[in-house]
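Asks: Need the 3D shape of this:
(one chain, ligands or ions: 2)
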Amino acid sequence: MIRRIALVAGLAALFGWTAMGRMDAVVQAKSVEFGSPAAQPSRMDADGSIIEDWGKLTFTVAGEGIPATGPVSVEAIKLDGVVPAAIRRATRGPLAITTTAFRSPTYPAGTDVVTLQIKNTTARPVSAKLGVPLPDGARVGRRTVMLAGRIILTLPMPVEVDVKKREWGSDDDSTPMPGWGKPDVPCDPAFRNIRAGMNGVPIVYRFSVQPGSSHDVVLGLCESHWESSGMRPVILTVEGASPLTVDPLARWGRHKPGALLFAGKDENGDGTLVVSALPAPGAPDRNPILNVIWMFPSGTNPNLEQVILGRMNAAATRMVDVGGPNDQSLYLAGKAEYNLSLPANGSTELAFFVGAVGGSAPMPGKSGWTVETLRKAAIDVNRDWKDR
Ligand SMILES: [Ca+2]
Ligand SMILES: [Ca+2]
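Replies: Residues are numbered from 1 along each chain as shown. Ligands and ions are numbered 1, 2, ... in the order given. This next block holds a predicted model:
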């Protein structure tokens, strides 16, 4: 695949070489955009990082005899003569690392295909650790990295990651929607921000608690979209308590904050209390919402009117303004790591699919997309565009 790359050297690079008059000159690094016709492009930064709307994809390489830095160049190229791509060439001691990135026009938002070729240029074997830092809030499956309901990255091989967890946080693919709630009576401002489980995904929070302990949990809701009842019934669950189905509009009215009390308990004794909001079966609007969570010591039996007004906040052991500024993911930033063994003069190639501009990367094994078909689709769309 790399052999077929038609190199289109940037003018700045040519100028840099000529002016310095040395073939071994380090090309002035610059950032390179790549994308599909008429789509918002992604960018490879001068250091080789891929810049996406969800964050930055960077690779780290470490190991014995591998220096921490080395020469790097980033250039714009055309794959197969038509596909705009960015290429990074880096030398790190015994390793020559080539990173190629292009956009494939998958429906609807496109996928960035990032390929890493790591070559051992020496006559002795080299062991290296390839690291992929993951953003705060990323949920890592065996082959996918999810962030806010999107597959932002697929991994070329299953990975064991050590992602540290917070004391509490959201553990789902729901979407924070600050300012969605418009309560028109006095209440805690936390009712204004919500999470919504778009397309019916559950809203789930996990709280670290004393194993087996009991807690009074109050869940706050305020419907600010629908005007008639029956549209968005939601099932609220707190571990250890019976689930409640509530239609906030029928129960409290539009733009009216409401609250429900649950006798929660860490029933399975795993030191975590789980709280969730799910769509009720048959709900015309399948997107559950949740506005506020309060957790009180067991037996507090708080007055719900006072809770809604925010007057019990000081007595709460936890208060979560769901979808608000202090809301957080359960997961801290982590790192996926691979151990690579490169024989003398051997090389390996790893491909990552990256969600571009608001989209999701295709699920490995569950979609028909491979590096080859993604590249073919990119060639086709760029050729068609050129021929128009
Ligand atoms: Ca539990
Ligand atoms: Ca809130």
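Asks: need the strands for the stretch 151-300 of the chain, in chain order.
Replies: 168-170, 175-177, 194-196, 203-208, 214-221, 234-238, 244-246, 258-265, 272-279, 289-290, 292-297 (DSSP state E, counting those that start in this stretch).
Asks: do the helix or strand following the last one and ligand 2 meet at all?
Replies: Along the chain past strand 292-297, the next helix or strand (assigned with DSSP states H and E) turns out to be helix 304-308. No - against ligand 2, helix 304-308 shows no contacts by C-beta under 5 Å from the ion, the least distance being 12.4 Å. Every residue, glycine included, has its C-beta placed from N, CA and C.
Asks: buried residues in helix 304-308?
Replies: For helix 304-308, the neighbour count (16 or more other C-beta atoms under 10 Å) marks 304, 307-308 as buried.
Asks: again, but for stretch 131-150
Replies: Buried, per 16+ other C-beta under 10 Å, within stretch 131-150: 132-135, 137-140, 143-148, 150.
Asks: Any idea how far stretch 93-110 is from the middle of the chain?
Replies: Stretch 93-110 has its average C-alpha position 18 Å from the chain's average C-alpha position, going by C-alpha atoms, centre = their mean, to the nearest Å.
Asks: Pull out the CA atoms of that stretch and give them to me as PDB.
Replies: C-alpha atoms of stretch 93-110 as PDB (Å, rounded to 0.1, in the frame of the first residue of the first chain):
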ATOM      1  CA  GLY A  93      16.700   5.500  16.800                       C
ATOM      2  CA  PRO A  94      16.300   2.100  15.200                       C
ATOM      3  CA  LEU A  95      12.700   2.700  14.100                       C
ATOM      4  CA  ALA A  96      11.400   4.400  11.000                       C
ATOM      5  CA  ILE A  97       7.700   5.300  11.600                       C
ATOM      6  CA  THR A  98       5.400   6.400   8.800                       C
ATOM      7  CA  THR A  99       1.900   7.600   9.700                       C
ATOM      8  CA  THR A 100      -0.600   8.100   6.800                       C
ATOM      9  CA  ALA A 101      -4.000   9.600   7.300                       C
ATOM     10  CA  PHE A 102      -6.900  10.000   4.800                       C
ATOM     11  CA  ARG A 103     -10.600  10.500   4.900                       C
ATOM     12  CA  SER A 104     -13.000   7.800   3.600                       C
ATOM     13  CA  PRO A 105     -16.500   9.000   2.800                       C
ATOM     14  CA  THR A 106     -18.500   6.600   5.000                       C
ATOM     15  CA  TYR A 107     -22.100   7.600   5.700                       C
ATOM     16  CA  PRO A 108     -22.900  10.100   7.200                       C
ATOM     17  CA  ALA A 109     -19.800  11.900   8.500                       C
ATOM     18  CA  GLY A 110     -16.800  10.000   7.200                       C
END
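Asks: Any buried residues in that stretch, and which?
Replies: For stretch 93-110, a neighbour-count test (16+ other C-beta under 10 Å) marks 93-106, 109-110 as buried.
Asks: so what's residue 341 up against?
Replies: The neighbourhood of residue 341, defined by C-beta atoms under 8 Å, 6 or more residues apart in numbering, consists of 125-127.
Asks: show me the contacts for residue 380.
Replies: Going by C-beta under 8 Å, 6+ apart, the list of residues near residue 380 is empty.
Asks: and the gap between it and residue 386?
Replies: From residue 380 across to residue 386, the span is 11 Å (C-beta to C-beta, to the nearest Å).
Asks: now, among the buried residues of stretch 93-110, which is nearest to residue 87?
Replies: Using C-beta to C-beta, residue 100 comes nearest to residue 87 of the buried residues of stretch 93-110, at 5.1 Å.
Asks: what is the mean pLDDT for the host helix or strand of the closest one?
Replies: Per DSSP H and E, residue 100 falls inside strand 95-104. For strand 95-104, mean pLDDT is 97.
Asks: What about the residue in the stretch 151-300 of the chain that ligand 2 sits nearest to, how many residues nearby?
Replies: The minimum distance from the stretch 151-300 of the chain to ligand 2, using C-beta to the ion, falls at residue 193 (3.7 Å). Using other C-beta atoms under 10 Å, residue 193 has 21 other residues around it.
Asks: now swap in the one 5 residues further on and tell me
Replies: By the measure other C-beta under 10 Å, the count of residues near residue 198 is 15.
Asks: My read is that it contacts residue 175, right?
Replies: Yes - counting by C-beta atoms under 8 Å, residue 198 touches residue 175, with 5.4 Å between them.
Asks: which residues are common contacts for these two?
Replies: What both residue 198 and residue 175 touch, as defined by C-beta under 8 Å, 6+ apart, is the set residue 149.
Asks: give the contact list for residue 59.
Replies: Residues counted as contacts of residue 59 (C-beta under 8 Å, 6+ apart) are 48, 99, 116, 130-132.
Asks: wait, isn't residue 209 in contact with residue 266?
Replies: Yes - because the distance of 5.3 Å satisfies C-beta under 8 Å, residue 209 is recorded as touching residue 266.
Asks: which residues do these two both contact?
Replies: Shared contacts of residue 209 and residue 266 (C-beta under 8 Å, 6+ apart): 272-273.
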